[in-house]
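**Student:** Need a 3D model of the following:
(chains A, B, C and D)
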There are 2 protein chains.
Amino acid sequence: MATSSELGGGDLDTSEKEARIREFRRLCRERGERCTVQRRIILETVLDLDNHPSADQVFDAVADREPGIARTTVYRALDHLARLEVITKACHPGSAVRFDPRTGPHHHLVCLHCNEFVDLDHDAFDGLTIPDTSAYGFEVSDYRVHVRGMCRNCLEKTSKEESK
Amino acid sequence: MATSSELGGGDLDTSEKEARIREFRRLCRERGERCTVQRRIILETVLDLDNHPSADQVFDAVADREPGIARTTVYRALDHLARLEVITKACHPGSAVRFDPRTGPHHHLVCLHCNEFVDLDHDAFDGLTIPDTSAYGFEVSDYRVHVRGMCRNCLEKTSKEESK
DNA sequence: GCTTAAATGCAAATATGTAGCTTTAAAGAT
DNA sequence: ATCTTTAAAGCTACATATTTGCATTTAAGC
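**Tutor:** This next block holds a predicted model:
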């Protein structure tokens, strides 16, 4: 049975953050792209935020650290970071792209009513056999399991509606 | 190994569609909600579209069948249908909510570059042990596996860029 | 430091989703 | 079949999320 420690997402510690930033520099060099101050600040900010922020949420957080930064820059940088796979895009049921500082294998618990979206680690989901999609021309990088349902808040709201 | 029949999503046949519409009527009655012509047309349209349409894509398709219909109505009806679980929201990495005519267990292949999103059936993904999330107050309804990576088109584009 | 192209910043456009309010019509009662 | 009630449709305006084009700045190699 699952333990409560499966749920929730911890922040990255300092050395892990530094390693990620070094990795980002390396990838930029390798591909002849630029490691600008903005991109670095944006990356650091995403690594500090743990709850799958949208681009605008990242923008708000970044604007505190680097007041002059443009919204567009944040959108473009996030896309760039995702292309480099230093962060990833999260698949979720809402409108607005979400970014995930975790790049390694893990899964998500997702509320289909309010789109709450939290990390979930669960051994039974790891090491599954991935289908062969080469005939389709698709290159698989990883997989994520979405456990879908309704969160506590939405359950309470729904039962209140019904008792009215 | 996976066969190619795992990939792609077939349309629903006529009897399956009719059953789904009856189920919709039943749920509306049960809950004292209305089975309007618009909602029925919108449901039928989603059942006919197979590729996880956005609300606007549904609106365009519906507008052909029912010219006067308002965009807002489509947004609201899709939400309603998802609440009844006659259709579901799909989790994907783009901006814009996607709807899925398939309600039963199945999985998805998703391109993290262009957000292409196709159905995937794969035995190894079925019957997994779901973690116990009751302590968290979360009520699980089902799960989906997202196999993530890059589609043929994006692979080709990327390699072209590099050879420039 | 100088050069150059990639990236930023800015402004405007587009895409996506929501709210308030009036009118229409679904569903049960008469 | 008509009447009544109220949920839902339609319309307009607004809010949020994202993209695009272009002038300006700046990272990175010489």
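
**Student:** how near is A:Arg116 to DNA strand C?
**Tutor:** Careful, residue A:116 is Glu; it's not Arg. Using CB to the nearest atom of the strand, to the nearest Å, A:Glu116 is found at 14 Å from DNA strand C. C-beta coordinates here come from the backbone N, C-alpha and C atoms, glycine included.

**Student:** what's the answer for A:Thr14, then?
**Tutor:** Applying CB to the nearest atom of the strand, the value for A:Thr14 to DNA strand C is 24 Å.

**Student:** Would you map the strands across chain A?
**Tutor:** Assigned by DSSP state E, chain A shows strands spanning A:88-90, A:98-100, A:107-111, A:117-120, A:139-150.

**Student:** got CSV for those strands, with distance to A:Gln57 and mean pLDDT too?
**Tutor:** Below are the strands of chain A laid out as CSV (distance: least, CB to CB, whole Å; pLDDT from 0 to 100):
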stretch, distance to A:Gln57, mean pLDDT
strand A:88-90, 12, 97
strand A:98-100, 9, 98
strand A:107-111, 17, 96
strand A:117-120, 12, 94
strand A:139-150, 21, 96
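
**Student:** Make TSV out of the ones you listed and add distance to B:Arg40 and mean neighbour count.
**Tutor:** Shown next, in TSV, are these (distance: least, CB to CB, whole Å; neighbours: other CB atoms under 10 Å in any protein chain shown):
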stretch	distance to B:Arg40	mean neighbour count
strand A:88-90	34	23
strand A:98-100	33	22
strand A:107-111	28	23
strand A:117-120	32	21
strand A:139-150	26	19
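
**Student:** Tabulate those (JSON lines), appending distance to B:Asp13.
**Tutor:** Listed next are those as JSON lines, based on distance: least, CB to CB, whole Å:
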{"stretch": "strand A:88-90", "distance to B:Asp13": "35"}
{"stretch": "strand A:98-100", "distance to B:Asp13": "36"}
{"stretch": "strand A:107-111", "distance to B:Asp13": "30"}
{"stretch": "strand A:117-120", "distance to B:Asp13": "35"}
{"stretch": "strand A:139-150", "distance to B:Asp13": "26"}
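
**Student:** Out of those strands, flag the one nearest DNA strand D.
**Tutor:** Minimum separation from DNA strand D across the strands of chain A (CB to the nearest atom of the strand) falls at strand A:98-100, 8.1 Å.

**Student:** Centre-most residue in chain A?
**Tutor:** A:Asp100 (1.1 Å; CA atoms, centre = their mean).

**Student:** for DNA strand C, what are the nearby residues on chain A?
**Tutor:** Residues of chain A lying near DNA strand C by CB under 7 Å from any atom of the strand: A:32-34, A:36, A:38-39, A:68-70, A:72-73, A:76-77, A:80, A:95.

**Student:** And for A:Pro93, the neighbour number?
**Tutor:** Applying other CB atoms under 10 Å in any protein chain shown, we find 23 residues neighbouring A:Pro93.

**Student:** what about it, distance to B:Cys28?
**Tutor:** 23 Å (CB to CB, to the nearest Å).

**Student:** Indicate whether stretch A:111-129 makes contact with chain B.
**Tutor:** Yes. Shown here: stretch A:111-129 in contact with chain B (CB under 8 Å from any CB of the partner chain) through A:111-113, A:120, A:122, A:124-125, A:128-129.

**Student:** List buried members of the residues you listed by neighbour count.
**Tutor:** With neighbours counted by 16 or more other CB atoms under 10 Å in any protein chain shown, these contain buried members at A:111-113, A:120, A:122, A:125.

**Student:** hmm, back to that, of the residues of chain A next to DNA strand C, list those near DNA strand D.
**Tutor:** Near DNA strand D, by the rule CB under 7 Å from any atom of the strand, you find A:34, A:36, A:72, A:76, A:95 out of those.

**Student:** could those residues go into JSON lines alongside neighbour count, distance to A:Cys151 and pLDDT?
**Tutor:** What follows is those, written out as JSON lines (neighbours: other CB atoms under 10 Å in any protein chain shown; distance: CB to CB, whole Å; pLDDT from 0 to 100):
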{"residue": "A:Arg34", "neighbour count": "10", "distance to A:Cys151": "41", "pLDDT": "97"}
{"residue": "A:Thr36", "neighbour count": "13", "distance to A:Cys151": "38", "pLDDT": "98"}
{"residue": "A:Thr72", "neighbour count": "9", "distance to A:Cys151": "33", "pLDDT": "98"}
{"residue": "A:Arg76", "neighbour count": "15", "distance to A:Cys151": "33", "pLDDT": "98"}
{"residue": "A:Ser95", "neighbour count": "14", "distance to A:Cys151": "18", "pLDDT": "94"}
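
**Student:** Whether stretch A:84-92 contacts DNA strand D - can you check?
**Tutor:** No. Using CB under 7 Å from any atom of the strand, stretch A:84-92 stays clear of DNA strand D, coming no nearer than 9.7 Å.

**Student:** what comes up buried for the lengthiest helix in chain A?
**Tutor:** Ranked by residue count and defined by DSSP state H, the top helix of chain A is helix A:14-30. For helix A:14-30, a neighbour-count test (16+ other CB under 10 Å) marks A:17, A:20-21, A:24, A:27-28 as buried.
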